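K.L.:
no FASTA, just this:
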(Lines give C-alpha, C1' and ligand atoms only; values in the text may rest on other atoms or scores of the structure.)
Protein backbone atom coordinates (compact mmCIF):
# COMPACT_ATOMS: atom_id res chain seq x y z
CA UNK A 1 0.00 0.00 0.00
CA UNK A 2 1.26 3.41 -0.89
CA UNK A 3 1.20 5.84 1.98
CA UNK A 4 -0.65 9.10 1.45
CA UNK A 5 1.25 12.24 2.14
CA UNK A 6 -0.02 13.67 5.41
CA UNK A 7 -1.28 17.22 5.02
CA UNK A 8 -0.01 19.86 7.40
CA UNK A 9 -2.18 20.90 10.31
CA UNK A 10 -2.61 24.35 8.76
CA UNK A 11 -3.95 23.02 5.46
CA UNK A 12 -6.32 20.67 7.32
CA UNK A 13 -7.53 23.53 9.54
CA UNK A 14 -7.99 25.74 6.52
CA UNK A 15 -10.03 23.04 4.74
CA UNK A 16 -12.13 22.54 7.86
CA UNK A 17 -12.83 26.27 8.16
CA UNK A 18 -13.82 26.43 4.47
CA UNK A 19 -16.27 23.56 4.98
CA UNK A 20 -17.71 25.23 8.09
CA UNK A 21 -18.18 28.47 6.16
CA UNK A 22 -19.93 26.64 3.33
CA UNK A 23 -22.25 24.84 5.78
CA UNK A 24 -23.11 28.10 7.54
CA UNK A 25 -24.26 29.54 4.21
CA UNK A 26 -26.83 26.72 3.97
CA UNK A 27 -28.58 27.62 7.23
CA UNK A 28 -32.08 29.01 6.87
CA UNK A 29 -32.68 31.38 9.77
CA UNK A 30 -36.24 31.78 11.03
CA UNK A 31 -37.81 35.19 11.19
CA UNK A 32 -37.97 37.07 14.50
CA UNK A 33 -41.77 36.87 14.31
CA UNK A 34 -41.63 33.06 14.20
CA UNK A 35 -39.13 32.91 17.07
CA UNK A 36 -41.33 35.20 19.18
CA UNK A 37 -44.44 33.15 18.41
CA UNK A 38 -42.74 29.86 19.25
CA UNK A 39 -41.26 31.31 22.45
CA UNK A 40 -44.68 32.49 23.61
CA UNK A 41 -46.15 29.05 22.92
CA UNK A 42 -43.40 27.39 24.97
CA UNK A 43 -43.85 29.82 27.89
CA UNK A 44 -47.62 29.28 27.89
CA UNK A 45 -47.15 25.49 27.80
CA UNK A 46 -44.73 25.69 30.75
CA UNK A 47 -47.18 27.82 32.75
CA UNK A 48 -50.04 25.39 32.04
CA UNK A 49 -47.90 22.39 32.97
CA UNK A 50 -46.76 24.08 36.20
CA UNK A 51 -50.35 24.95 37.13
CA UNK A 52 -51.56 21.39 36.52
CA UNK A 53 -48.63 19.94 38.45
CA UNK A 54 -49.26 22.36 41.33
CA UNK A 55 -52.97 21.51 41.42
CA UNK A 56 -52.28 17.77 41.47
CA UNK A 57 -49.70 18.28 44.23
CA UNK A 58 -52.18 20.35 46.25
CA UNK A 59 -54.90 17.71 45.92
CA UNK A 60 -52.60 14.82 46.85
CA UNK A 61 -51.09 16.80 49.73
CA UNK A 62 -54.51 17.52 51.19
CA UNK A 63 -55.53 13.89 50.66
CA UNK A 64 -52.45 12.63 52.52
CA UNK A 65 -53.01 15.17 55.33
CA UNK A 66 -56.68 14.11 55.68
CA UNK A 67 -55.65 10.45 55.61
CA UNK A 68 -53.13 11.12 58.38
CA UNK A 69 -55.80 12.72 60.57
CA UNK A 70 -58.02 9.64 60.20
CA UNK A 71 -55.33 7.32 61.49
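P.N.:
Yes, it's here. It should be emphasised that the depicted structure is a prediction, and the values quoted were computed from it without experimental measurement. Numbering: from 1, shown residues only.
K.L.:
quick one: average confidence on the longest helix along the chain?
P.N.:
Counting by DSSP state H, the longest helix found in the chain is helix 32-70. In this model, helix 32-70 has a mean pLDDT of 96.
K.L.:
ok, now stretch 14-23?
P.N.:
Mean predicted lDDT for stretch 14-23 stands at 95.
K.L.:
which residues sit against that stretch?
P.N.:
Applying Cβ atoms under 8 Å, 6 or more residues apart in numbering, the set of residues contacting stretch 14-23 from outside is residue 7. For glycine as for every other residue, the C-beta is placed from the backbone atoms N, C-alpha and C.
K.L.:
chain center to it: distance?
P.N.:
Distance of stretch 14-23 from its chain centroid, counting by Cα atoms, centre = their mean, to the nearest Å, is 26 Å.
K.L.:
what does stretch 46-53 give?
P.N.:
Using Cα atoms, centre = their mean, the offset of stretch 46-53 from its chain centre is 19 Å.
K.L.:
cool, and stretch 52-65?
P.N.:
29 Å.
K.L.:
what of stretch 55-71?
P.N.:
For stretch 55-71, the distance to the chain centre is 36 Å (Cα atoms, centre = their mean).
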